[in-house]
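[1] structure, please.
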Amino acid sequence: MNNFNPLIAGTAIVASIVITQPVLAKSAKEVAKIAIPTTVQINNTLSPGDSGSGVIIAKQGNTYTVLTANHVVKNSNSEYVIRTAKGKDHAVTGVQNLAGNKGSLDLAIVKFESNEEYFIAPVTNSDEASIGSGIYISGYPIPAGNAKEREYAFTNGQVINIRPGNAEGYTMRYDAVTRRGMSGGPVFDVSGRVVGIHGQGDTVGTVKTESGQGTEEVKTGLNSAIPINTFMAMASQAGVDKSNLKVDNNAPANQDAQKVSQKEVNGWFDNVVKEIVEDVLQQTIKTIWPF
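    Numbers count the residues shown, from 1 in each chain. Down below sits the predicted model:
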């Protein structure tokens, strides 16, 4: 049965065309408000210098799933601890290598359990992150010198190349300031959705830290990520229920990422964490005094 009713005015039939508008770009600060609560530290208790970052992508019950680079969690002899933006530590309860059939994909998922409420990062079609697309990289660098705490970093960049078939799945190339310890952290588009997992940064050697207590890698600013579509293609096989993911496949805005400074990022981080804590306090108050 044909339910389509043509217009009767003359013999003309008017067809409607649905146009999907690209999702609006967000400011760097707005993207950071998504990145900060969803990006986590993955701390290696046996070898702190090999610690990395990750991003919360799913929740089922009290179990959270974090996507990261496999080289961050490859040491089966070490214990790993997730530290969230709230400053809460959670023991990793499971590590799953997503190397694939050829064993060459540098992805892994780790799980932790918590009664705390944590945000889930939205993901999108990474094929839309083409050459020239603006991006932001989120993660926790390894502290230099005598510093003990890992300071959050959020940097801007631009996709400069796509190299299908690159080793370990690192087909997305971009320019951005990154540091050791940010491996496994998310790459966001300008609309605040994850398009990749950062894991490689070209280096040209090392220099002594300002304190003289160690050395630091000198990076060229050229980096690589594994597109999120690579993970999405194997999510079900890896036991990740896609209904627990936050997927937004609307076309991205065509806009450069805004330049950000570490001073700005530090302020954003403090404000976001404060907002998270205040929200938790408000929920606690509502539980105690529901009226």
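
[2] helix/strand/coil for Gln237?
    In the three-state summary, Gln237 is assigned as coil, counting by DSSP: H, G, I helix; E, B strand; the rest coil.

[3] state the distance from it to Phe231.
    Look at Gln237 and Phe231: by Cβ to Cβ, to the nearest Å, they are 11 Å apart. From N, CA and C alone the C-beta is placed, and that goes for glycine too.

[4] of those two, who's got more company?
    In this comparison of Gln237 against Phe231, neighbours counted by other Cβ atoms under 10 Å, the higher total goes to Phe231 at 24 against 9.

[5] show me what contacts that one?
    In this structure, Phe231 makes contact with Leu67, Leu98, Leu107, Ile197, judged by Cβ atoms under 8 Å, 6 or more residues apart in numbering.

[6] would you agree it falls within a strand?
    No: applying three-state DSSP, one finds Phe231 to be helix, outside a strand.

[7] tell me where this protein has helices.
    Here the chain has its helices, by DSSP state H, at 28-38, 228-232, 262-288.

[8] and the two most separated of the contacts of Phe231?
    Across the contacts of Phe231, no pair lies farther apart than Leu98 and Ile197, at 10.4 Å, counting by Cβ to Cβ.

[9] residues in contact with both of these two, list them for me.
    Listed contacts common to Leu98 and Ile197 are Leu107, Phe231; contacts here mean Cβ under 8 Å, 6+ apart.

[10] ok, Asn115 to Gly61 distance?
    Looking at Asn115 against Gly61, where the rule is Cβ to Cβ, the gap reads 10 Å.

[11] wait, I meant Gly52
    26 Å.

[12] so which of the two has more stuff around it?
    Taking Gly52 and Gly61 together and counting by other Cβ under 10 Å, Gly52 has the greater number of neighbours (26 against 7).

[13] once you drop chain neighbours, what's closest to the more buried one?
    Spatial nearest neighbour of Gly52, excluding adjacent residues (Cβ to Cβ, 6 or more residues apart in numbering): Val72 at 3.2 Å.

[14] who are the neighbours in contact with that neighbour?
    Val72 is in contact with Ile42, Asn44, Asp50, Ser51, Gly52, Ser53, Gly54, Ala108, Ser183, Gly184, counting by Cβ under 8 Å, 6+ apart.
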